[in-house]
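**Q** Generate coordinates for the sequence data below:
(4 chains)
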2 protein chains.
Amino acid sequence: MLRNRVKELRARYGYTQSELGKKVDVTRQTIAFIEKGEFSPSITLSLKLAQALQVEVGDLFWLEEE
Amino acid sequence: MLRNRVKELRARYGYTQSELGKKVDVTRQTIAFIEKGEFSPSITLSLKLAQALQVEVGDLFWLEEE
DNA sequence: TTGAAATGTTAGGTTTATATTACATAATGT
DNA sequence: ACATTATGTAATATAAACCTAACATTTCAA
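**A** Purely as a prediction, here's the structure:
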């Protein structure tokens, strides 16, 4: 199961979903879907998010058992 | 632009495309497409590939200018 | 040198990521 | 209290990921 810390890190930087979306070239709904864990974004988008949130991509997304 | 080291690391381990595909639950064609850089796999598949090839996902896939 | 295994590649189909639009609610500032 | 902004969420549409099947070519062991 895929987990992520997007919502937590976005909050830490005080970005809105729209702002973060703009930084990585997706809509705010895409950010919302990712935060809800509803799908598995592309590695390209994942790398951009990691860069925007200043964290290693492996620390932003990870796989958990079950 | 998205770059990756899948082909190089797969060779290092002596895995065939089919073997690697089986480890990460995709077909050999999907592995071939990724090696050719034809698309941007999901973060889920990227994490599985990094695990199979024993490298950090950020060292397996990265973004380059242009 | 022959045959199997690995790889390259293409076509057509299904599934999923992502966009667009829209509406409702929550939060915030004036 | 009101207006604005942020978020939740859903419907429909499109693009891209991924699959299956197939055939051609390359590699490599017997």
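**Q** on contacts alone, who are the packing partners of the longest helix along chain A?
**A** The longest helix of chain A (DSSP state H) is helix A:43-52. When contacts are defined as 3 or more Cβ pairs under 8 Å, 6 or more residues apart in numbering or on different chains; DSSP states H and E, helix A:43-52 sits against helix A:17-24, helix A:57-60, strand B:2-4, helix B:43-52, helix B:57-60, strand B:61-63. All C-beta spots, glycine's among them, are computed from the backbone N, C-alpha and C.
**Q** Phi first, then psi, for A:Pro41.
**A** phi -60, psi 170 (degrees, to the nearest 10).
**Q** what about it, how many neighbours?
**A** Residues near A:Pro41, counting by other Cβ atoms under 10 Å in any protein chain shown, number 25.
**Q** Then A:Ala32?
**A** By other Cβ under 10 Å, neighbour count at A:Ala32 equals 14.
**Q** Quick check: chain neighbours aside, which residue is closest to it?
**A** Here the nearest residue to A:Ala32 in space, its sequence neighbours aside, is A:Gln17; by Cβ to Cβ, 6 or more residues apart in numbering or on different chains that works out to 5.8 Å.
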